[in-house]
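Peer 1: when you get a sec, could you give me coordinates for this:
(2 chains)
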2 protein chains.
Amino acid sequence: MPSNPPSPPAPATPGAALADVDTPALLIDLDAFEANLAQVHAQAHAAGVRVRPHAKAHKSPDIARRQLAAGAQGICCQKLGEAEVFAGAGIDDILVTNEIVGTSKARRAAQLASRIRLALCVDHALQVRQLGEAAQAEDSRLNVLIEVDVGQGRCGVESPEQALALARDIASFAPALRFAGLHAYHGGAQHLRTPAERAAAIAAACQRTRAVVALLAAHGIACETVTGAGTGTYGLEAASGLYTEVQPGSYVLMDTDYAANQPEPHWPVLRHALSGWCSVISRRASHAVLDGGLKAFATDHGLPRVLLEGWRVDGLSDEHTVIVPTTAGAAPLAVGDKLRLLPGHCDPTVNLHDWLVALRGEQVEAVWPVAARGALF
Amino acid sequence: MPSNPPSPPAPATPGAALADVDTPALLIDLDAFEANLAQVHAQAHAAGVRVRPHAKAHKSPDIARRQLAAGAQGICCQKLGEAEVFAGAGIDDILVTNEIVGTSKARRAAQLASRIRLALCVDHALQVRQLGEAAQAEDSRLNVLIEVDVGQGRCGVESPEQALALARDIASFAPALRFAGLHAYHGGAQHLRTPAERAAAIAAACQRTRAVVALLAAHGIACETVTGAGTGTYGLEAASGLYTEVQPGSYVLMDTDYAANQPEPHWPVLRHALSGWCSVISRRASHAVLDGGLKAFATDHGLPRVLLEGWRVDGLSDEHTVIVPTTAGAAPLAVGDKLRLLPGHCDPTVNLHDWLVALRGEQVEAVWPVAARGALF
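Peer 2: Presented below is the predicted three-dimensional model:
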């Protein structure tokens, strides 16, 4: 077996001043982070639903522990490898909101299920059979949710009849497999820009999900859990009377894409807690060049935004971002200066970094490893 | 100091069959890799220039060692942290083709220069002063190149006079700093689509660089090294009579963006050696869903391309790629099947992975760690 590569060193130590944090790095504003956390959990709990935050957004056991301390039921992961990392860090209730395939992964899932409460999603009989045989072989208990396509157009069963057939497949592997309910996540709805569009999308998702719940109930199969939702819509699912659990992920960090949504009138206003921290390495009259580029900021949901008056991002290459002044009164900027940028999309940006530097004001309070970074399989 | 996060396990072991490589993963076709390596080095050596391959493309000491064995002078890195990783793996001649700023990085550079032959780029007096004072304090010898902006419009001095002033700054720190020549890289020229456009861009780059060489020579300062070029243009710089060294990086791996260039008539045809390896985790009549998305493939230079007849990529989300059939005769595809995709941009794609699975035909010959992945600062 080849030996594992080393991780890069941390860009800061606790107690350091922000000015001394090495660049490029990712910063978390703890005041904003804690406010986002408390407000979203309070809103969901007031609506009577559980919160199971999605850890794919932050990949950090330190953040997951704070979410659990704030009343979360457990966490979601998108990959089995992520779940293994979080389980290794002591998180004992994990839903993998995704299908896995292959006997090797099924065996890993069954082994993990002997250590923690683990649930996974299925939308095909092959996945059920592989998980069932693996859980029987390991003598473990796997919770299985059927994923329903509620408008995302990606994974998930398309009809109540398909769900019923899969629920019977799952039952045939009892007690190794246990049918735990439905995963009904509408990712596209999170980024619809107006409250009316989001409300219509989640109403349609509820209608599809209710049809599945009803057919299963007519055959004596109860859906103990109906889970889904993200940062753009969690209040809608929470108020639906159908969902028992919501899965927001970005809410603790926030990015410019979510900020582009028109806000819901009575929901908490979430603050940008995550920012990139870069140095100016080159400067001329027309532009400045920063020391973080495509390998520090994901650009799939748009360019990062400069948090400095009178500047905007012009473009990124592998390790550089070029920023340009937009007004004659742009803030002065010299070689060696450091500044913040807001990422366009927090999830894949965090996945480019090994560390999150948690700040209280202008001082480093903690440095958190992105322990599940790169957990692809 | 916080303890470092673990790296994910390898997706395969040497000797395994391709079919058993876990997904998602990155594969290297060794026959294509070796042919690319031999042909580009032969072309450059025939033109009388040295090859200093850019390791930011692969971040792999195993690949760097093969490049050195094929006659490379040393390697390029884009980050000091990358150089530290490669030096730790035994590579002893490294050019960081970038400016660094800050006393902390300058000290690290000076320390590294006491172990290997290290060169860095400058375009501002502050960088020279920080490097000079650090090298004096560490009693080490740093080679310094002046970066000239030859059309990229990013870093680099804009005039021969600026270069002359910087060369004098460098000389004032002798013997701690040693002026080693010019870095004259035109990144934008690599991706111009026609040979005529690329030839015009590199001719202009040579003109700007010659003006700098001439002014320095008139003041008794020799440019021992003129270095630059990438995979799209290396033959032009090699044939210029001006450049002493070329820095191709992508040539050993290749991606779909480079393949979109119209080829140069008499240059070697480079083959795609890098591909992604994914499993189908969900399937319906309209599409199939793969288990690698934005966290497995960089999309800044376009979507990955499916290497399976009659299919194309429709879109990516964090951990999924949706592919759709383009013809009625699309190859059959079922849940659990595995297939290859060509990345749009190899450099940031490799940086998303911890391992490269090197294949001889359909068998794993080696598994190489992406040891400098995430080396951001």
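
Peer 1: give me the spatial nearest neighbour of A:Gly90, chain neighbours excluded.
Peer 2: The shortest distance from A:Gly90 to any non-neighbouring residue, by C-beta to C-beta, 6 or more residues apart in numbering or on different chains, is to A:Pro61 (7.3 Å). Any C-beta I mention is one placed from the backbone N, CA and C, and that applies to glycine too.

Peer 1: OK, contacts around that neighbour?
Peer 2: A:85-86, A:89-91, A:369, A:371-372 (C-beta atoms under 8 Å, 6 or more residues apart in numbering or on different chains).

Peer 1: whichever of these end up buried, select them in PyMOL.
Peer 2: Buried residues within the contacts of A:Pro61, by 16 or more other C-beta atoms under 10 Å in any protein chain shown, are selected in PyMOL with:
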select buried, chain A and resi 85+86+89+91+369+371+372
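
Peer 1: now, the contacts of A:Pro61 that are in helices?
Peer 2: Within those, residues falling in helices by DSSP state H are A:85-86.

Peer 1: columns distance to A:Ile202 and pLDDT on top of the contacts of A:Pro61, output as a markdown table?
Peer 2: Listed next are these as a markdown table, based on distance: C-beta to C-beta, whole Å; pLDDT from 0 to 100:
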| residue | distance to A:Ile202 | pLDDT |
| --- | --- | --- |
| A:Val85 | 31 | 97 |
| A:Phe86 | 28 | 98 |
| A:Ala89 | 33 | 97 |
| A:Gly90 | 34 | 97 |
| A:Ile91 | 28 | 98 |
| A:Pro369 | 35 | 97 |
| A:Ala371 | 32 | 97 |
| A:Ala372 | 28 | 97 |
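
Peer 1: need the contact list for whichever residue of the stretch 201-350 of chain A sits closest to chain B.
Peer 2: When scored by C-beta to the nearest C-beta, the stretch 201-350 of chain A has A:Ser282 as its residue closest to chain B, at 4.0 Å. Residues in contact with A:Ser282 (C-beta under 8 Å, 6+ apart) are A:288-289, A:335, B:99, B:123-124, B:154-156.

Peer 1: assign it to helix, strand or coil.
Peer 2: Assigned by DSSP: H, G, I helix; E, B strand; the rest coil, the conformation of A:Ser282 is strand.

Peer 1: tell me how far the lowest-mean-pLDDT helix or strand in chain A lies from the chain's centre.
Peer 2: In chain A, the helix or strand scored least confidently by mean pLDDT, DSSP states H and E is helix A:256-259, which has a mean of 88. Distance of helix A:256-259 from the chain centroid (C-alpha atoms, centre = their mean, to the nearest Å) equals 14 Å.

Peer 1: and the contacts of that helix?
Peer 2: Counting by C-beta under 8 Å, 6+ apart, residues outside helix A:256-259 touching it are A:190-191, A:231-232, A:250, A:270, A:272, A:301-302, A:304-305, A:342-345.

Peer 1: mind giving me the PyMOL select for those residues, buried ones only?
Peer 2: Buried residues among the contacts of helix A:256-259 (16+ other C-beta under 10 Å), as a PyMOL selection:
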select buried, chain A and resi 190+191+231+232+250+270+272+301+304+305+342+343+344+345
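
Peer 1: tabulate the contacts of A:Pro61 (CSV), appending distance to A:Ala204.
Peer 2: Shown next, in CSV, are those (distance: C-beta to C-beta, whole Å):
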residue, distance to A:Ala204
A:Val85, 35
A:Phe86, 32
A:Ala89, 37
A:Gly90, 39
A:Ile91, 33
A:Pro369, 40
A:Ala371, 37
A:Ala372, 33
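
Peer 1: quick check: closest non-adjacent residue to the residue most central in space within chain A.
Peer 2: The C-alpha lying nearest the average C-alpha coordinate of chain A belongs to A:Ala57 (C-alpha atoms, centre = their mean; 2.9 Å). Nearest residue to A:Ala57 in three dimensions, chain neighbours excluded: A:Gly249, at 3.5 Å (C-beta to C-beta, 6+ apart).
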